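*Asks:* Provided below for reference: sequence and predicted model.
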Amino acid sequence: MSDEQQEKHGEFEREPVPASKTRGLKAFVGMYAGEHCAGTELMIGPLFVAAGVSAFDVVFGLLIGNLLAVLSWMFLCAPIAVRARLTLYYQLEKICGRNLVTLYNLANGVMFCFLAGSMITVSATALGVWFNFPMPGLTDIYPNSVGWVLAVLGIGALITLVAAWGYDMVSRVANIAAPWMVLVFLGFGIIGLRQFIEVTGAEVNSLSSLWALCNESIFKGGDPLPGQVKFTFWHVTFFAWFANMAMHVGMSDLSVLRFAKKSWHGVASASGMYVGHFMAWLAAAVLYSLQLHLDPSNTDVLPGPLAYRAAGVAGLICVIVAGWTTANPTIYRAGLAFQAIMPKKSRFAVTIGTGMLATLAGLFPGIAMKLLGFVALYGLILMPMGAVVFTDFWIFPKLGLRQYYAEHRKISINWAAGIAWIATLAICVALVKSGKPQFQIFFVSLPGWFIASGLYILISKFTQKGTEA
């Protein structure tokens, strides 16, 4: 099939990307910066403060954790992406078989819907400021007012229609909005610091005095707020590393980085990690800490009021756009995952149904208020399949085992991959349920990766025994 024919039929979904269609570093720097400076940042930053994190733990934990995330993109995901140049879904189909990939797509699509729902929640908090209806608190799970329900339904319907219209419009608007949002997030941090200096009367004229303000007033450490897990340096480090585990360790970004000319272009992820997951998280955290400083009883994590206090109407618009630019492509991707399960349904119809599910999730603020734990769970569920892809690509040839076993044997389920996935999740959940601090959900994915790899190798040695290598 020619390049022109492939392009007519899609983005090389079932073919390696030809060299003529690869892109340079610049194309990925902008993409990662835009994708990771979005609605989630307005929830995650404040939740660090709610978790009782100290200044040292949050700053240095983010520096190191984000570096580990960038290295994961560079050395785990990107080398496979530029060698195979296949989407994650097609590569998994060759390894795992069609039926197992269908189960994976279902899990992926549901997780995407919950994530999109939390971003609809973020945008709805801006409408709460404009229309002055009661909004959920930090510990609320269910919707608490008719105004909240109407706001979520309205924003969810708008986002769903745009996503169903097509990804070209989604990506075009997101690329236009991204640079502006980065500047507004920076403004949040600067304004928040200035307001802290004003209300505390602190004299900040050097880095040491700024650090003292952070320690004494902004990130004071101590006990977490009710319902939150206490965060230490290790919690922040592992959370920053694995916040996008599904993308790098879980290999979802094979679909993106297959267009990269060189594997080192995975370094472009640093633009997203240090603009979004460092600067934007800290800026949002400063705003929430200021809210607590002014009124310790006001523990609500609501991006709309936080942004409005700092930047007025521009802040509210940023909240709406940030949630919109995150939820829109997320709903679109979830729709594609579900469409792979129901190929006879139109993309438009599947995306509409997906958006309705995401909007339903957005009605329940408990998802967004527990976003730290949800993000960790999302990565954990998809992580074992990333380990399977890595092991199949790099380790199997050295062990004399057959790569792309399902394709080779023409089977719909590769039981070695399926058992490795489910058993790893069962082991990790059991560790979390043990209640031991070292086995909190933020930490189990690292040993889980090695468990999944080991299980896949051991079971493959048994299932491939007697077959042609």
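*Replies:* Great, that's in hand.
*Asks:* drop to CA atoms for contacts and neighbour counts, all remaining ones
*Replies:* OK.
*Asks:* any low-confidence regions in the protein?
*Replies:* The model of the chain has pLDDT under 70 over residues 1-11, 13, 166-175, 466-469.
*Asks:* Distance of the spatially most central residue of it relative to A376?
*Replies:* In the chain, the C-alpha nearest the mean C-alpha coordinate belongs to N244, at 4.6 Å (C-alpha atoms, centre = their mean). With distances defined as C-alpha to C-alpha, to the nearest Å, the gap from N244 to A376 amounts to 9 Å.
*Asks:* So the residue nearest to the centre of the chain, which state does it fall into?
*Replies:* coil (DSSP: H, G, I helix; E, B strand; the rest coil).
*Asks:* Report the contact partners of it.
*Replies:* Taking C-alpha atoms under 8 Å, 6 or more residues apart in numbering as the criterion, N244 is in contact with A69, V375, G379.
*Asks:* For the residues you listed, pick the one with the most neighbours.
*Replies:* Comparing those on neighbour count, A69 comes out first with 26 neighbours (neighbours: other C-alpha atoms under 10 Å).
*Asks:* so which helix or strand takes in that residue?
*Replies:* With elements delineated by DSSP states H and E, A69 resides in helix 55-72, which encompasses its position.
*Asks:* how about that helix as CSV, C-alpha atoms only?
*Replies:* What follows is the C-alpha trace of helix 55-72 in CSV, where atoms were taken according to Å, rounded to 0.1, in the frame of the first residue of the first chain:
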residue,chain,number,x,y,z
ALA,A,55,8.5,22.3,50.6
PHE,A,56,11.6,20.1,50.3
ASP,A,57,9.5,17.0,49.5
VAL,A,58,7.3,18.6,46.8
VAL,A,59,10.1,20.6,45.0
PHE,A,60,12.8,17.9,45.0
GLY,A,61,10.3,15.1,44.6
LEU,A,62,8.9,16.7,41.5
LEU,A,63,12.4,17.4,40.1
ILE,A,64,13.5,13.8,40.5
GLY,A,65,10.2,12.2,39.7
ASN,A,66,9.7,14.1,36.5
LEU,A,67,13.2,13.3,35.4
LEU,A,68,12.5,9.6,35.9
ALA,A,69,9.3,10.0,33.8
VAL,A,70,11.3,11.7,30.9
LEU,A,71,13.9,8.9,31.1
SER,A,72,11.1,6.3,30.9
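*Asks:* what packs against the next helix or strand after that helix?
*Replies:* Scanning forward in sequence from helix 55-72 by DSSP H and E, the next helix or strand is helix 78-84. Applying 3 or more C-alpha pairs under 8 Å, 6 or more residues apart in numbering; DSSP states H and E, one finds that helix 78-84 contacts helix 254-257.
*Asks:* Need the three-state assignment for G192.
*Replies:* G192 is classified as helix under three-state DSSP.
*Asks:* Then E15?
*Replies:* When states are read from three-state DSSP, the local structure at E15 comes out as coil.
*Asks:* Correct me if wrong: it contacts L86.
*Replies:* Yes - proximity of E15 to L86 meets the contact threshold set by C-alpha atoms under 8 Å, at 6.6 Å.
*Asks:* between the two, which one's more packed in?
*Replies:* For the pair E15 and L86, the greater number of neighbours falls to L86 (24 against 15), based on other C-alpha under 10 Å.
*Asks:* which residues touch the more buried one?
*Replies:* For L86, the contact set (C-alpha under 8 Å, 6+ apart) comprises E13, R14, E15, P16, V17, L254, S255, R258.
*Asks:* Is it correct that the last one is in contact with L88?
*Replies:* The one in question is R258. No - when contacts are counted by C-alpha under 8 Å, R258 is not listed as touching L88 (9.5 Å).
*Asks:* higher neighbour count, the two?
*Replies:* Legend: neighbour count by other C-alpha under 10 Å for R258 and L88, higher for R258 (28 against 22).
*Asks:* need the next SSE after the longest helix along the chain, C-terminal direction.
*Replies:* In the chain, assigned by DSSP state H, the helix with the most residues is helix 303-341. From helix 303-341 onward toward the C-terminus, using DSSP H and E, the following helix or strand is helix 347-362.
*Asks:* what's in contact with that following helix?
*Replies:* With contact meaning C-alpha under 8 Å, 6+ apart, helix 347-362 is reached by 113-121, 152-153, 156-157, 159-161, 163-165, 331-332, 334-336, 338-339, 367.
*Asks:* Those, buried ones only, as a ChimeraX selection?
*Replies:* In ChimeraX syntax, the buried subset of the contacts of helix 347-362 is picked out as below (16 or more other C-alpha atoms under 10 Å):
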select :113,114,115,116,117,118,119,120,121,152,153,156,157,159,160,163,164,165,331,332,334,335,336,338,339,367
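*Asks:* Now, the contacts of helix 347-362 that are in strands?
*Replies:* Counted as lying in strands by DSSP state E, out of the contacts of helix 347-362, is not a single one.
*Asks:* related to what we said a few turns ago, need the contacts of N244 in a markdown table (columns: distance to L76).
*Replies:* Compiled in a markdown table, the contacts of N244 are given as follows (distance: C-alpha to C-alpha, whole Å):
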| residue | distance to L76 |
| --- | --- |
| A69 | 10 |
| V375 | 20 |
| G379 | 15 |
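*Asks:* Check these against V429 and report the nearest one.
*Replies:* G379 (12.9 Å; C-alpha to C-alpha).
*Asks:* any idea how far that closest one lies from G65?
*Replies:* Per C-alpha to C-alpha, G379 is found 15 Å from G65.
*Asks:* Kindly report the same for P134.
*Replies:* Distance, P134 to G65, using C-alpha to C-alpha: 36 Å.
*Asks:* Please say which of these two ends up with more neighbours.
*Replies:* Of the pair P134 and G65, G65 is the one with more neighbours under other C-alpha under 10 Å, namely 26 against 15.
*Asks:* Correct me if wrong: the more buried one contacts T237.
*Replies:* Yes - with contact defined as C-alpha under 8 Å, G65 counts as touching T237 (4.2 Å).
*Asks:* List just the nearest of the contacts of L86 to D392.
*Replies:* The closest of the contacts of L86, once distances to D392 are taken by C-alpha to C-alpha, is L254, at 14.4 Å.
*Asks:* nearest spatial neighbour of that closest one, skipping sequence neighbours?
*Replies:* Computed as C-alpha to C-alpha, 6 or more residues apart in numbering, the closest residue to L254 that is not its neighbour in sequence is A81, at 4.8 Å.
*Asks:* Can you name the residues that contact that neighbour?
*Replies:* With contact taken as C-alpha under 8 Å, 6+ apart, A81 is in contact with L254, S255, L257, R258, S263.
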